[in-house]
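[1] sharing a sequence plus its predicted fold:
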Amino acid sequence: MATPFIGWFLWREAARRTGREMGSTPWTWLMAAAGVLLGVSLMATAVFHGDNRGQTYVPAEVTEGGQISPGHFEKKAQPK
């Protein structure tokens, strides 16, 4: 979400150093662009993140010898 703001302020600083006068900061456009990026990132998360609702989480545990087995998901047993 910070990308539009960072881009604008870097571009404004570069323009000022070359002697160009800048107008006022377009806050509405910057916030709208940040909102669009937020929406796109939420949609991408929903599309590309795996669904684990039909699975059971098995937490990490320490085994003999001090080894740690990582946590993972296992499919639920289907009722017969």
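    Now that the structure is in, tell me what you want to look at.

[2] sec struct for the residue nearest to Asn52 when sequence neighbours are not counted, please.
    What sits nearest to Asn52 in space, not counting adjacent residues and going by Cβ to Cβ, 6 or more residues apart in numbering, is Phe73, at 5.1 Å. The C-beta positions use only the backbone N, C-alpha and C, and glycine is treated the same way. Recorded secondary structure, Phe73: strand (DSSP: H, G, I helix; E, B strand; the rest coil).

[3] let me see the contact set for Phe73.
    By Cβ atoms under 8 Å, 6 or more residues apart in numbering, the contact set of Phe73 is 52, 55-58.

[4] for those, which one is nearest Ser24?
    Here the nearest of the contacts of Phe73 to Ser24, counting by Cβ to Cβ, is Asn52; it sits at 47.4 Å.

[5] report all helices and strands that the lengthiest helix in the chain contacts.
    Criterion DSSP state H: the longest helix present in the chain is helix 27-48. Counting contacts by 3 or more Cβ pairs under 8 Å, 6 or more residues apart in numbering; DSSP states H and E, helix 27-48 is packed against helix 3-17.

[6] what's next to stretch 11-31, contact-wise?
    Contacts for stretch 11-31 (Cβ under 8 Å, 6+ apart): 4-5, 8.

[7] where are the low-confidence patches of the protein?
    80 (pLDDT under 70).

[8] can you pull up the most central residue in it?
    Ser41 (6.1 Å; Cα atoms, centre = their mean).

[9] in stretch 2-22, what counts as buried?
    4, 8 (16 or more other Cβ atoms under 10 Å).

[10] no, scratch that, I was asking about stretch 19-32
    For stretch 19-32, burial by neighbour count (16+ other Cβ under 10 Å) applies to Leu30.

[11] tell me the gap between the longest helix of the chain and the middle of its chain.
    Between the centre of helix 27-48 and the centre of its host chain there is 10 Å, according to Cα atoms, centre = their mean, to the nearest Å.

[12] could you point out which element follows it?
    Note on helix 27-48: by DSSP states H and E, the next helix or strand toward the C-terminus is strand 55-58.

[13] distance of Val47 from Ser41?
    For Val47, the distance to Ser41 equals 11 Å [Cβ to Cβ, to the nearest Å].
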